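Colleague: Pasting the sequence and the predicted coordinates here, then a few questions.
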Amino acid sequence: MDNRFARDLDLGFTASIAALDRIRSSYQTPEKSSIFKVNLSELDGRICPFLWDLGISIFHSEVFYTSPGRFTTVHVDGPDLDDHCKINWVYGAPGSRMVWYEEAPGSSGPRSMRTAIGSSYLAYDADTCNPIFHAEIGQPSLVNAGFPHNVHNDTNEQRWCVSLVLKYANTERHFVPWDHAVEIFAPFLKSG
Ligand SMILES: [Fe+2]
């Protein structure tokens, strides 16, 4: 299986995680997975200019928390199966991973859903999906969020993920597909 799902990146700087520190320190229910909106102003100030130079801006940014021992719903971020990319930074829970799936023949297909912060996604029944790829996510990694996936946190640690949805600069919501993202980020891809 070709890896069209996750590649580690070296952006040339280590992003600071002030937004995550704020969210993590005030989170009261560590047994519950959750999702938080992040304002662009709360991100490391080097990220937006770095992306802008590549012709990319951020459609929206969020933090995902996955509690210890939790496997999240198999889903596609957004309303469409479209191979679009995000950049994710994962903190905590070493050994946890993202898993990608293909739908089993005869599957009844996904359901359109909305997260607690209003973003749309497609949800799949796990028993209608077959795993095809998995990867431990770095700091950061380019990930394919437009193909069915979930998070396996089969560790006893909290897993925190800062996640940026990429779009082409100067567009409203024209997301960046995997193949083009790999070209754009080629100088920053780690080997493997
Ligand atoms: Fe996702």
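Modeller: Structure's in. What do you need?

Colleague: Please count neighbours and contacts with C-alpha atoms only from this point.
Modeller: OK.

Colleague: What residues of the longest helix along the chain count as buried?
Modeller: Secondary structure of the chain read by DSSP state H shows that its longest helix is helix 18-26. Of all the residues in helix 18-26, those buried under the rule 16 or more other C-alpha atoms under 10 Å are 19-20, 23.

Colleague: swap in stretch 148-166?
Modeller: The neighbour-count check on stretch 148-166 (16+ other C-alpha under 10 Å) flags 148-155, 157-166 as buried.

Colleague: Can you report how many residues lie near the nearest residue to residue 184 once chain neighbours are set aside?
Modeller: For residue 184, ignoring the flanking residues on the chain, the nearest one in space by C-alpha to C-alpha, 6 or more residues apart in numbering is residue 54 at 6.8 Å. Residue 54 is flanked by 14 other residues according to other C-alpha atoms under 10 Å.

Colleague: Would you map the strands across this structure?
Modeller: Taking DSSP state E, the strands of the chain run over residues 6-8, 34-38, 56-66, 70-71, 74-77, 85-91, 97-103, 111-114, 120-124, 129-135, 141-144, 149-153, 159-168.

Colleague: My read is that residue 137 contacts residue 8, right?
Modeller: Yes: counting by C-alpha atoms under 8 Å, residue 137 does reach residue 8; the two are 7.3 Å apart.

Colleague: quick one: the residue nearest to residue 184 from residue 153, how far?
Modeller: 32 Å (C-alpha to C-alpha, to the nearest Å).

Colleague: what pLDDT does the closest residue to residue 116 other than its chain neighbours get?
Modeller: In space, and not counting its chain neighbours, residue 116 is closest to residue 35: 7.2 Å by C-alpha to C-alpha, 6+ apart. Reported pLDDT at residue 35 in the predicted model: 93.

Colleague: Same question for residue 126.
Modeller: Confidence score, pLDDT, at residue 126: 90.

Colleague: Give the full set of residues in contact with it.
Modeller: The contact partners of residue 126, taken as C-alpha atoms under 8 Å, 6 or more residues apart in numbering, are 73-74.
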